[in-house]
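J.: from the sequence below, what's the structure:
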Amino acid sequence: MPTPANSAAPQSPLGPPISPAPHGLPGAGPGNLPGPPGVEDVNPGNVHLMLNAPIAPVPSGTTFKAQIVLAGGKDIASIPFQVQYDPAKLTLVNVGAGDFLSKDGKAVSLAHRDDPPGSILINPSRPPGAAGVSGAGVVCVLTFQAKAAGTSALAITNPMPKNSAQHPVPATGSQVSIVVK
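T.: Residues are numbered from 1 along each chain as shown. Modelled structure (predicted):
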């Protein structure tokens, strides 16, 4: 159904408007994971890690949140991955837990290291011996402060999820551009 021209776009509780389709996955995005009917998955059977981040320019000096969203999970027990960004444009302020790995109430460990600046190693994991989780959800939420005008890529690299038997699960990452004004 068409939307009236004067209706406002949905707003994210995380800040400025968010990307309706994380880069790297056609049609995928928050609220419609893994994608609308008729859109083929680019790597069926793979886990996808996507960035749900602001698409509107972010004012310098303000903070914004970027969700790391997982789709296509089957028996996932840990999700080591790396996020890269331009430290001249952005500063990492916080890494917060998402709800994907704790769907059943199990405690989740969220280890992370920002070393060197511009490269965050993150490893959310379930307790040893716990069954894995399936489906889609938010893995973690990154809070950044915009430092300087310009554009910074924000990219998920080296995704290496593991199942409850600690075997690697094929995965793809994604990338978005953050514009600081």
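
J.: from now on I want contacts and neighbour counts done on CA atoms only, so please keep to that.
T.: OK.

J.: list the buried ones in the helix or strand encompassing F144?
T.: F144 belongs to strand 133-146 when assigned by DSSP states H and E. Within strand 133-146, the residues that qualify as buried are 133-134, 136-146, counting by 16 or more other Cα atoms under 10 Å.

J.: so what's G132 up against?
T.: G132 sits next to 74-77, 101, 126, 163-164 when contact means Cα atoms under 8 Å, 6 or more residues apart in numbering.

J.: spatially nearest residue to the residue nearest to the spatial centre of the chain, not counting backbone neighbours?
T.: Nearest to the geometric centre of the chain sits I68, at 1.5 Å (Cα atoms, centre = their mean). Spatial nearest neighbour of I68, chain neighbours left out: L51 (5.0 Å); criterion: Cα to Cα, 6 or more residues apart in numbering.

J.: identify each buried residue in stretch 56-63, please.
T.: 57-60, 63.

J.: looking at those residues, which are in strands?
T.: The strands, defined by DSSP state E, take in T63 from those.

J.: which one of the buried residues of stretch 56-63 sits closest to S109?
T.: Of all these, T63 has the smallest distance to S109: 24.6 Å, by Cα to Cα.

J.: and that closest one, how far from A149?
T.: From T63 over to A149 the distance is 14 Å, taken as Cα to Cα, to the nearest Å.

J.: so A131 is in which element?
T.: Applying DSSP H and E, one finds A131 in no helix or strand.

J.: correct me, but it touches S164?
T.: Yes. If you go by Cα atoms under 8 Å, A131 and S164 touch, sitting 5.6 Å apart.

J.: mutual contacts of these two, please.
T.: With Cα under 8 Å, 6+ apart as the test, A131 and S164 both reach 75, 77.

J.: returning to that earlier point: any chance of the buried residues of stretch 56-63 in TSV, with pLDDT and distance to N94 too?
T.: TSV is the format used below for the buried residues of stretch 56-63 (pLDDT from 0 to 100; distance: Cα to Cα, whole Å):
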residue	pLDDT	distance to N94
P57	96	20
V58	97	17
P59	97	18
S60	97	17
T63	97	10
